[in-house]
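Engineer: Got a sequence here, can you build the structure:
(chains A and B)
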Amino acid sequence: MTKMPRWADIALIPLINLALALLVAGIVLLFIGQNPVEALQIMVRGAVGSTYGWGYTLFYATNFIFTGLAVAVAFHAKLFNIGGEGQAQLGSLGVALVCLAVPWPHWLLALPAAIVGGAVFGAAWAFIPAYLQAKRGSHIVITTIMFNFIASSLLVYLLVSTLKAPGMAPESARFPEGAWLPSARELFASIGIEFSRAPLNVSFLVALLACWLVWLLLWRTRLGYEIRALGHSEPAARYAGISPPRIVIIAMLISGALAGLMAVNAVMGEQERLLQDNVLGAGFVGIAVALMGRSHPVGVLLAAILFGALYQGGAELEFETSVPRQMIIVIQALVILFTGALDNMVREPVTGLFLRYGKRKPAPGTPAE
Amino acid sequence: MTSMSKILGAAATLALSAGAALAEPGLIIDLGGKFDKSFNESAYTGAQRWVEETGGDYVETELQSEAQREQTMRRMAERGANPVVVLGFANASTLEKVAPDYPDTNFVIIDEQVDQPNVKSIKFAEHEGSYLAGMMAAIASETGTVSFVGGMDVPLIRKFACGYAQGAKAVNEDIEVIQNMTGTTPAAWNDPVKGGELTRSQISQGSDVVYAAAGGTGVGVLQAAADEGIYAIGVDSNQNYMHPETMLTSMVKRVDNAVYDAFEAAEAGTLETGLEVLDLESEGVALAMDENNEDLVTEEMRTAIDEAKQQIIAGEIEVHDYTETDSCPVEM
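Structural biologist: Numbering: from 1, shown residues only, chains lettered A, B, ... in the order given. Model prediction:
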């Protein structure tokens, strides 16, 4: 046995990371005079204790699935796309333009159009850094993060000028009723189940579909193979006749399109109009989600739900107790830190333990390697 | 899988025990922060006063971004908070969408009108109070130039500016009024550094009285005025105490009273929805006079202001409201 069993790699390590993060968060809470057990209870109850909690948890999770997949696809090509935030903002613009341009008769027509709008705008925003990386060698990390600021300023500019609705607030007009996505409440009501008013909507299904399509792309298509080959070794990929610039650009376009799709959930599903900061950091959370999910669509899905729960639970914690807002960000940041950045801190000792344990007594059913 | 279903089961039990609704009022503090020394803080003070006087309890939460408005409002309503008080015009479109979902909950919005059967809209006659502030500024000014620093460039803030300019011109027809806005997004409510810069630039153009209607940004304006030794006029809360030597007065907008009254009316079950305008007559807007500025306020100012106030209330002076026409009759 030379490595850990798969279940340990996929499930055990993230759980240990999460437990450590919660432990440290608990100590921090103790220092500011709060009861960590009570705080955890409030967070769990707030996130998954009611249909309202689930509605928000899965709503946030939908955002994180899209941004997480975006980061994951780029990771496979060894590209670190930290521009999910900006690509999602441009995606919002695309979705909003599509929704506002046509008096949509029915959401079934509006949804595919909005998906195209969000994906095209997100991909276009990722194209420029991708081109610069592929052809000029400008580092993708630097360019994508700079593009986040440009996207944010562009949106602000449009919202105080051309897209601004009458009234005082910098926001676009509300989308026509035909472009409102059915919420979970309406969907569940049609089969006779009572569900709270929460922004969870059909985009969650789109997100699940996206997970499957990404899996299909990466492991069942030639393009996916080329992306992964490039990520493993550029010289080998080149030797095999793969053109690195082409793959870099394609991988980033897919990544940007996935990030842009987030807007279908946030802008079309919830806000129903274009607001100024509608992404709420989901682009960055996507990085943690992809890291924790080991860049696999199933992992991304599970990690996104965990982060959705953390967001919703954190919001409840802020609402129910006097834990200051900044503290909640600290807790969320600790989870990101432990699951993302400090992954190896846990991985190596655990792998070591498994190797020693595995030598003495191989687990039954484990094939010898 | 078993452990997962255990967790879910435990969560469900918790949920069952936590279903009780509360009938406390709720307050959503807007962007810019609870202690902005201005608009939000005034609302907070009103809520605190209600707690002290009635021993009641209320739920409060602070917004961090535009996109949180909807969830925050819904969470308040879901938890049974009643009424839910939201601060500022930026909430209008969200409230328009959320209020119909909770017909049994009353909402109170300050600074903007939302036409829903369960929403009470409270607006202030800021132009009237600003008119008086403008008069005071014009009397105090020696250079013949006074200035205004606004927060976010919206009709509401232009309403302040326009009232101020009208008041100043009523005292001195030839006075010059400089107007600057901090920005076009909600970030402009919380940018004291830029507020200070704008003030310095106005001073270099000759202004010797500055009026800030800019939320948290105003702190920088008042500080710059104090540093440069010119008069300043605060807004929303009574800010006279911040720089007693240079604070001429504050155009107080009684957001605290509005919140207090809403809480109290809700408790008594007498909260009336619809539009309410708080003006000079109902003391919804006023100039703050206290021990901090008594040395700065001259007898001339006092008489002029009292007289104008009575005339406005009686309808003899009509102060133009910028938001009615989206224009200002006097030049700035």
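Engineer: Three-state assignment for B:Leu31, please.
Structural biologist: coil (DSSP: H, G, I helix; E, B strand; the rest coil).
Engineer: nope, B:Thr270 is what I was after
Structural biologist: coil.
Engineer: Quick check, pLDDT for residue 241.
Structural biologist: Looking at chain A here, since you left the chain open. A:Gly241 carries a pLDDT value of 94.
Engineer: My question was about chain B, not that one.
Structural biologist: Looking at B:Tyr241, the pLDDT reads 95.
Engineer: so what's it up against?
Structural biologist: Residues in contact with B:Tyr241 (Cβ atoms under 8 Å, 6 or more residues apart in numbering or on different chains) are B:Met247, B:Asp290, B:Asn292. Bear in mind the C-beta positions are built from the backbone N, C-alpha and C, glycine included.
Engineer: Can you tell me the number of residues neighbouring A:Ser161?
Structural biologist: When neighbours are defined as other Cβ atoms under 10 Å in any protein chain shown, A:Ser161 has 10 of them.
Engineer: measure it to chain B for me?
Structural biologist: 9 Å (Cβ to the nearest Cβ, to the nearest Å).
Engineer: Now that residue: phi and psi?
Structural biologist: Per-residue torsions, A:Ser161: phi -120, psi -100 (degrees, to the nearest 10).
Engineer: do the same with the one 4 residues further on
Structural biologist: Recorded main-chain torsions at A:Ala165 are phi -80, psi 160, according to degrees, to the nearest 10.
Engineer: ok, now how distant is it from chain B?
Structural biologist: Relative to chain B, A:Ala165 is positioned 8 Å away (Cβ to the nearest Cβ).
Engineer: Now that residue: closest residue in space, sequence neighbours ignored.
Structural biologist: Spatial nearest neighbour of A:Ala165, chain neighbours left out: A:Ala173 (4.0 Å); criterion: Cβ to Cβ, 6 or more residues apart in numbering or on different chains.
Engineer: Same list (the contacts of B:Tyr241) but as JSON lines, adding distance to B:Leu31, neighbour count and pLDDT.
Structural biologist: Shown next, in JSON lines, are the contacts of B:Tyr241 (distance: Cβ to Cβ, whole Å; neighbours: other Cβ atoms under 10 Å in any protein chain shown; pLDDT from 0 to 100):
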{"residue": "B:Met247", "distance to B:Leu31": "25", "neighbour count": "24", "pLDDT": "95"}
{"residue": "B:Asp290", "distance to B:Leu31": "29", "neighbour count": "14", "pLDDT": "92"}
{"residue": "B:Asn292", "distance to B:Leu31": "28", "neighbour count": "19", "pLDDT": "92"}
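Engineer: could these go into JSON lines alongside secondary structure?
Structural biologist: Shown next, in JSON lines, are the contacts of B:Tyr241 (three-state DSSP):
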{"residue": "B:Met247", "secondary structure": "strand"}
{"residue": "B:Asp290", "secondary structure": "coil"}
{"residue": "B:Asn292", "secondary structure": "coil"}
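Engineer: which residues touch the residue of the stretch 201-332 of chain B found nearest chain A?
Structural biologist: Residue nearest to chain A within the stretch 201-332 of chain B: B:Thr323 (8.8 Å; Cβ to the nearest Cβ). The neighbours of B:Thr323, taking Cβ under 8 Å, 6+ apart as the test, are B:Pro155, B:Leu156, B:Arg158, B:Lys159.
Engineer: redo that, cut-off 10 Å
Structural biologist: Residues in contact with B:Thr323 (Cβ atoms under 10 Å, 6 or more residues apart in numbering or on different chains) are A:Met168, B:Lys123, B:Glu126, B:His127, B:Val154, B:Pro155, B:Leu156, B:Arg158, B:Lys159, B:Cys162.
Engineer: and stretch B:252-265, does that touch chain A?
Structural biologist: No - Stretch B:252-265 does not reach chain A (Cβ under 10 Å from any Cβ of the partner chain); its nearest approach is 16.2 Å.
Engineer: re the thing from before, now, which of the contacts of B:Tyr241 lie close to chain A?
Structural biologist: Among the contacts of B:Tyr241, chain A is touched by none when using Cβ under 10 Å from any Cβ.
Engineer: Okay, and which of the contacts of B:Thr323 map to strands?
Structural biologist: Taking DSSP state E as the definition of strands, those contribute B:Lys123.
Engineer: Correct me if wrong, but the residue of the stretch 201-332 of chain B closest to chain A is in a helix.
Structural biologist: Yes - with three-state DSSP as the criterion, B:Thr323 is assigned to a helix.
Engineer: check contacts around residue 141.
Structural biologist: Since you didn't name a chain, this refers to chain A. A:Leu79, A:Phe80, A:Asn81, A:Ile82, A:Gly83, A:Pro129, A:Gln133.
Engineer: Chain B was what I was after
Structural biologist: Here B:Ser141 is in contact with B:Ser147, B:Ala168, B:Val171, B:Asn172, B:Ile175, B:Glu176, B:Gly206, B:Ser207, B:Asp208, B:Val209, B:Ile230, B:Tyr231 (criterion: Cβ under 10 Å, 6+ apart).
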